[in-house]
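# structural data only, the sequence is not supplied:
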């Protein structure tokens with residue numbers, strides 16, 4: 001059962017600057033992450049969808065999210081057994097890296113293994129129309145985060 005406050009929260013933070021400030025001040029992004037980690041499918045989907053839309057309409061919060069480890073937590077969520085909810089997590093991750101180099105750099109961290117996850121997921125989803133949007137998110141992340149030439153002078 002979804003908490004009764006979620007639809008209200010969606011309306012408040014999407015349309016009202018004061019509501020968004022209150023949301024951020026009260027650690028609302030952590031609440032969204034906990035909702036995405038819950039066992040309640042509808043809650044997970046709505047939380048990921050809200051995160052994605054907040055990032056699109058309020059990109060100034062990307063730095064805060066990167067500082068709190070949101071990239072790593074979103075990647076951990078897509079490493080679980082495949083679920084339709086992953087489409088929304090990948091959408092949120094796409095929003096976090098779009099026009100934001102810090103988000104891209106965090107996605108490129110080798111220990112995350114995101115490139116391999118995305119390649120495997122893309123292979124699994126190809127030719128399945130019902131997962132077309134999720135596949136597009138995978139392709140966008142691969143293009144944005146992993147298609148740049150490597151800087152070989154930076155090897156350690």
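Alright, I've got the coordinates. Keep in mind the model is a prediction, meaning the values are calculated, not measured.

# ranges for the strands of this structure?
Ranges of strands in the chain, per DSSP state E: none exist.

# can you list the weak-confidence ranges in it?
1-15, 148-156 (pLDDT under 70).

# quick one, longest helix in it?
Longest helix in the chain by number of residues, with DSSP state H as the criterion: helix 41-57.

# who are the packing partners of that helix?
Contacts defined by 3 or more C-beta pairs under 8 Å, 6 or more residues apart in numbering; DSSP states H and E place helix 41-57 against helix 5-15, helix 28-36, helix 86-97. Every C-beta, even on glycine, is put in place using the N, C-alpha and C of the backbone.

# can you point out the buried residues in the shortest one?
In other words, helix 28-36. 28-29, 31-33, 35-36 (16 or more other C-beta atoms under 10 Å).

# got the angle between that helix and helix 86-97?
The directions of helix 28-36 and helix 86-97 differ by 160 degrees, with axes from the mean of the first three to the mean of the last three C-alpha atoms, to 10 degrees as the criterion.

# now do helix 28-36: everything it contacts.
6, 9, 13, 43-44, 46-48, 50-51, 61, 64-65, 68, 70, 73, 77, 85, 89 (C-beta atoms under 8 Å, 6 or more residues apart in numbering).

# can you check stretch 133-141 too?
Counting by C-beta under 8 Å, 6+ apart, 86-87, 90-91, 93-94, 97, 107, 114, 118, 121-122, 125-126, 128 sit against stretch 133-141.

# counting neighbours, what do you get for residue 38?
14 (other C-beta atoms under 10 Å).

# cool, the one 4 residues further on as well?
The burial count assigned to residue 42 is 12, neighbours taken as other C-beta under 10 Å.

# where's it relative to residue 23, distance?
20 Å (C-beta to C-beta, to the nearest Å).

# what's the answer for residue 147, then?
Applying C-beta to C-beta to residue 147 and residue 23 gives a distance of 34 Å.

# residue 93 now?
20 Å.

# more crowded one of the two?
Taking other C-beta under 10 Å, residue 93 and residue 23 do not tie; residue 93 has more neighbours (30 against 21).

# which residue is the nearest non-sequential neighbour of the more buried one?
Excluding its sequence neighbours, the residue lying closest to residue 93 (C-beta to C-beta, 6 or more residues apart in numbering) is residue 74, at 4.9 Å.
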